[in-house]
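Colleague: Give the three-dimensional model of this entry:
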Amino acid sequence: EAAAGIGERFAAKALELAEIEADPVRKAELQKIAEVCAWVPAHPARTFHEALQSVWFTQIMNFWETPLTLAVSPGRADQYLFPYYESDIKAGRLTKEEAQELLDCWMMRFSQDASPYHSHSGAGYHLDVGGLKADGSDATNELSFMFLEGMMHTRLIEPNLGVLVHSKTPDDLLIKACQLCSLGTGHPMFLHQDVFVENFLA
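Modeller: Sure thing, here's the model as predicted:
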């Protein structure tokens, strides 16, 4: 019940701020935030925005439950968020530019929330893109590139971004990852998923 209620608490605060906001653009943003938070995580996400917010609430609650655990990872976010992104794009509810802004804001939250333990270790929130699907095919999608672009925009410590590289990784994803690498922020990690698969099978 407490986990379901976190969204309602955030929604109430957003509406409170919206009531005293003079800027109509910001007021609309706060009202949208309230609408999203009123739905998730108590109910399944229906849109890309709701999915991002639901995942972030999960991160908050995981950290509250185990604050000294340096392994509260959002995982392979490009994989589980892609159906929401794809659905919104096809339905015309969202443009790629709007999705990128939401993603950038979402990624900034990980550094804004970083505890002293996370800040010193640089290993609080690990997020991977690319890699393989369960059938062994390449898992790269449009969000894989957008997460790399998001790190180019934010240039913060968190999330600790990795690219799962394997024998079928597209060259354009590797080039994008190298462009991020050239900025000197320490991102991304290049992780050899072919070796991971061999290890897991063994």
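
Colleague: quick one: the helices in this protein?
Modeller: Under the criterion DSSP state H, the chain contains helices at 2-19, 24-39, 48-65, 77-80, 82-91, 96-112, 116-121, 142-154, 171-181, 193-201.

Colleague: between the ones you listed, which gets the lowest average pLDDT?
Modeller: Lowest mean pLDDT within the helices of the chain: helix 116-121, at a mean of 50.

Colleague: Save the helices of the chain as a markdown table, and put in distance to Val165 too.
Modeller: For glycine as for every other residue, the C-beta is placed from the backbone atoms N, C-alpha and C. Output for the helices of the chain, formatted as a markdown table (distance: least, Cβ to Cβ, whole Å):
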| stretch | distance to Val165 |
| --- | --- |
| helix 2-19 | 36 |
| helix 24-39 | 34 |
| helix 48-65 | 24 |
| helix 77-80 | 14 |
| helix 82-91 | 19 |
| helix 96-112 | 21 |
| helix 116-121 | 24 |
| helix 142-154 | 12 |
| helix 171-181 | 7 |
| helix 193-201 | 6 |
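
Colleague: so which of those helices comes closest to Leu164?
Modeller: helix 193-201 (4.3 Å; Cβ to Cβ).

Colleague: who touches that closest one?
Modeller: 130-132, 164-167 (Cβ atoms under 8 Å, 6 or more residues apart in numbering).

Colleague: What subset of these is buried?
Modeller: 130-132, 164-166 (16 or more other Cβ atoms under 10 Å).

Colleague: ok so, going back, would you turn the contacts of helix 193-201 into a markdown table with distance to His192?
Modeller: A markdown table is the format used below for the contacts of helix 193-201 (distance: Cβ to Cβ, whole Å):
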| residue | distance to His192 |
| --- | --- |
| Gly130 | 12 |
| Gly131 | 11 |
| Leu132 | 12 |
| Leu164 | 8 |
| Val165 | 6 |
| His166 | 7 |
| Ser167 | 10 |
